[in-house]
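Student: sequence first, then the predicted structure:
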Amino acid sequence: MRGTSKLEIPMGKQRKTWSTDVKEAIVLSVLRGELGVAEAARQHGANESLIHT
């Protein structure tokens, strides 16, 4: 019997984990008007929908 190998195919991007401090800083920067939602998302490599509630 021949040896078998496992083929791994990455399925999408890995999820990021955010510390409470980072989440708070992102939200506060948007609420204070320092950044727009889109700009905050781009700076942190997140989707805008993660910032909107």
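Tutor: Looks like it arrived, so ask away. Numbers count the residues shown, from 1 in each chain.
Student: dead centre of the chain: give me the residue that sits there.
Tutor: The centre of the chain sits closest to residue 46, judged by CA atoms, centre = their mean, with a distance of 3.7 Å.
Student: need phi/psi at that one.
Tutor: Backbone torsions of residue 46, given as degrees, to the nearest 10, read phi -120, psi 160.
Student: which ones are touching it?
Tutor: Neighbouring residues of residue 46 by CB atoms under 8 Å, 6 or more residues apart in numbering: 16, 26, 40. Every C-beta, even on glycine, is put in place using the N, C-alpha and C of the backbone.
Student: let me know the secondary structure of the last one.
Tutor: Residue 40 falls in the helix class when you classify it by DSSP: H, G, I helix; E, B strand; the rest coil.
Student: equivalent analysis for the second one, please.
Tutor: Using three-state DSSP, the three-state assignment for residue 26 comes out as helix.
Student: that one: neighbouring residues, count only.
Tutor: Neighbour count for residue 26, taken as other CB atoms under 10 Å: 20.
Student: likewise the first one?
Tutor: Look at residue 16: counted by other CB under 10 Å, it has 10 neighbours.
Student: alright, I will stop here.
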